[in-house]
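Participant: Predicted model, plus sequence, below.
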Amino acid sequence: MAAADSASATLRRRDLCSRGIRLAGKMRSDVVDLLDTYVERQGLDASASVAAVEGVPVAAVERWDEQTGTQRLLENLAAYRAFRALLAQMLEEQQEQLGEADATLGRALAAVLLQVSAFTYHLEELLRLENRGPPGEEAAVPPMPPPLSLFERKLRGLGVLRELAQWAVRSARDLRQLTKPGPGSGVAPSPAESP
């Protein structure tokens, strides 16, 4: 019976990871499209250099291959919770700045925010499957940035979207790693795969 439960959990995990990989791919595609629209509508140069933005989690990680599956999920969850708050703030600022004058940008931001929320929920489900509930929300809220000029807010938004695109790539990579049996995946090999 325990073997059947284990096999069922493994299949459920692989299914969740596969769906998560597809969600991350779709999200990245939509974020890249949003980046193009954002740069155009905000009057920015696509090659503008943006310094690290406070509250924006960085996708790059040292020793990625040494992380456990749970570490990967927890880092992804913290990042997407932060992105959810940052995108909501961007959407609010965009609506205040442009009102209904630029509904296209507002709809695109809202659509990506919805995808980030869905992906966050997806990661929470994977953590529950690991018999580890997701950490509370309060730790995930990024600090409120100091008052920024309009141009600084535009650059911050550009930085948020660029980093979100990188996270979508990392998330797909992390979820692919989770589907592999062995060390660093968080998945124990099934009895048929054991030596």
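Facilitator: Nice, I can see it.
Participant: pLDDT (mean, whole number) over the top helix by length along the chain?
Facilitator: Ranked by residue count and defined by DSSP state H, the top helix of the chain is helix 2-42. For helix 2-42, the mean per-residue pLDDT is 88.
Participant: again with stretch 129-146
Facilitator: 65.
Participant: likewise stretch 66-75?
Facilitator: Rounded mean pLDDT across stretch 66-75 is 89.
Participant: And the residue nearest the centre of this structure?
Facilitator: When Cα atoms, centre = their mean is applied to the chain, the residue found nearest the centroid is Y80 (4.0 Å).
Participant: So which elements touch the strand or helix carrying that residue?
Facilitator: Using DSSP states H and E, Y80 sits in helix 69-98. The contact analysis (3 or more Cβ pairs under 8 Å, 6 or more residues apart in numbering; DSSP states H and E) places helix 69-98 against helix 103-129, helix 150-179. (Glycine included, C-beta is placed from N, CA and C.)
Participant: The closest residue to L87 other than its chain neighbours: neighbour count?
Facilitator: In space, and not counting its chain neighbours, L87 is closest to L113: 4.3 Å by Cβ to Cβ, 6 or more residues apart in numbering. When neighbours are counted by other Cβ atoms under 10 Å, L113 registers 18.
Participant: Quick check, pLDDT for L113.
Facilitator: pLDDT, L113: 97.
Participant: list the contacts for it?
Facilitator: 84, 87-88, 91 (Cβ atoms under 8 Å, 6 or more residues apart in numbering).
Participant: ok now stretch 62-71, how far from the chain's centre?
Facilitator: Between the centre of stretch 62-71 and the centre of its chain there are 16 Å (Cα atoms, centre = their mean, to the nearest Å).
Participant: now G55, what's its secondary structure?
Facilitator: State at G55, reduced to three classes by DSSP: H, G, I helix; E, B strand; the rest coil: coil.
Participant: and it, backbone torsions?
Facilitator: Main-chain torsions, G55, degrees, to the nearest 10: phi 90, psi -10.
Participant: shouldn't it be in contact with L86?
Facilitator: Yes - when contacts are counted by Cβ atoms under 8 Å, G55 is listed as touching L86 (6.4 Å).
Participant: the more surrounded of those two?
Facilitator: Using other Cβ under 10 Å, the more surrounded residue of G55 and L86 is L86, with 25 against 17.
Participant: Against I21, how distant is the more buried one?
Facilitator: 23 Å (Cβ to Cβ, to the nearest Å).
Participant: ok, now V56?
Facilitator: 23 Å.
Participant: When the two are compared, which one has more neighbours?
Facilitator: Neighbours were counted for V56 and for I21 using other Cβ under 10 Å; V56 has more, 21 against 18.
Participant: I'd guessed E93 sits against R153; true?
Facilitator: Yes - between E93 and R153 there is a contact under Cβ under 8 Å: 5.8 Å.
Participant: Can you give me the buried ones in stretch 103-119?
Facilitator: 105-106, 108-109, 112-113, 115-117, 119 (16 or more other Cβ atoms under 10 Å).
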